[in-house]
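Visitor: The following block contains a protein sequence and its predicted model.
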Amino acid sequence: MDINYLIDITIPMLEGARATILLFIIAIIVSIPLGFGLTLMVKSAIKPLVWLANAFIYVMRGTPLLLQLVFFVYGLPILPVIGEYLVLDRFVAASLAFALNYAAYFAEIFRGGLLAIDKGQYEASQVLGLSRWQTTTRIILPQMFRVALPSVSNESITLVKDTALLYAVAVPEILHFALTAVNRDFKLLPFFVAGVIYLLMTLVLTLLFKYLERKFKFE
């Protein structure tokens, strides 16, 4: 194996990994709070909010992420009347698509976490004289997040792998540089290097969530 060649193809892919990591961070920071907000809307007593949240979740989970990505990057600018005001940088548009898509999935994860909590927890809180706010913040939410954490972990790892879809909208990332090297040199090594980089990123996430699960006594 030519070490110099390995270094030459790895450096651009590591630069591409910066876009992957940045997109991941943005998507997580935006999608988790937004997903929790959608969960609250679904549980709301205000019917229009419930319908709106359910419709959003249905559309985002029911259509391919790639289609959403292409729409936000190429479709928004050609919308009638308002399209000219929605011309976004490709990376920004892609980040928005990822954040909204994963918010819908996190909303369902959090909803499942709430459903897993026994109704007796609410009754016990009332007996103890806790207010609704105290019950929610001290009793319900900590349990919901503990139940949801393994699913959040799986979804976060999936998000890292899904960032390869940036290639479809011409945003330079790991796969972009790997395919460029393969097409240029007719060698498969760049694919293996890209795979190792993805594995390392998912390994870091796996170890982080394993630590959090142990911290919250999942094991």
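Guide: Done, it's in.
Visitor: Need the contact partners of stretch 41-53.
Guide: Outside stretch 41-53, the residues within contact range by C-beta atoms under 8 Å, 6 or more residues apart in numbering are 38, 54, 57, 107, 111, 114. Heads up, the C-betas are built off the backbone N, CA and C, glycines and all.
Visitor: Check the gap between the fifth one and residue 36 for me.
Guide: Applying C-beta to C-beta, to the nearest Å, one obtains 10 Å for the distance of residue 111 from residue 36.
Visitor: Show me the helices in this structure, by range?
Guide: Along the chain, the segments classed as helices by DSSP state H run 3-42, 47-62, 65-70, 90-115, 120-127, 132-134, 141-162, 174-185, 189-215.
Visitor: So which of those is nearest residue 77?
Guide: With C-beta to C-beta, the closest approach to residue 77 among the helices of the chain belongs to helix 90-115: 9.0 Å.
Visitor: by how many degrees do that closest one and helix 3-42 diverge?
Guide: Helix 90-115 and helix 3-42 meet at an angle of 50 degrees, taking axes from the mean of the first three to the mean of the last three C-alpha atoms, to 10 degrees as the criterion.
Visitor: in helix 90-115, what's buried?
Guide: 90-91, 93-111, 113-114 (16 or more other C-beta atoms under 10 Å).
Visitor: from the helices of the chain, which stretch is densest packed?
Guide: Highest mean neighbour count of these: helix 90-115, a mean of 21 (counted as mean count of other C-beta atoms under 10 Å).
Visitor: returning to what we had before: got JSON lines for the contacts of stretch 41-53, with distance to residue 64 and pLDDT too?
Guide: Compiled in JSON lines, those are given as follows (distance: C-beta to C-beta, whole Å; pLDDT from 0 to 100):
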{"residue": "38", "distance to residue 64": "20", "pLDDT": "95"}
{"residue": "54", "distance to residue 64": "20", "pLDDT": "96"}
{"residue": "57", "distance to residue 64": "15", "pLDDT": "96"}
{"residue": "107", "distance to residue 64": "18", "pLDDT": "96"}
{"residue": "111", "distance to residue 64": "22", "pLDDT": "91"}
{"residue": "114", "distance to residue 64": "28", "pLDDT": "84"}
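Visitor: Just put these in CSV and tack on distance to residue 131.
Guide: As requested, those are arranged in CSV below (distance: C-beta to C-beta, whole Å):
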residue, distance to residue 131
38, 24
54, 29
57, 29
107, 26
111, 23
114, 18
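Visitor: I'm done for today, thanks for sticking with me.
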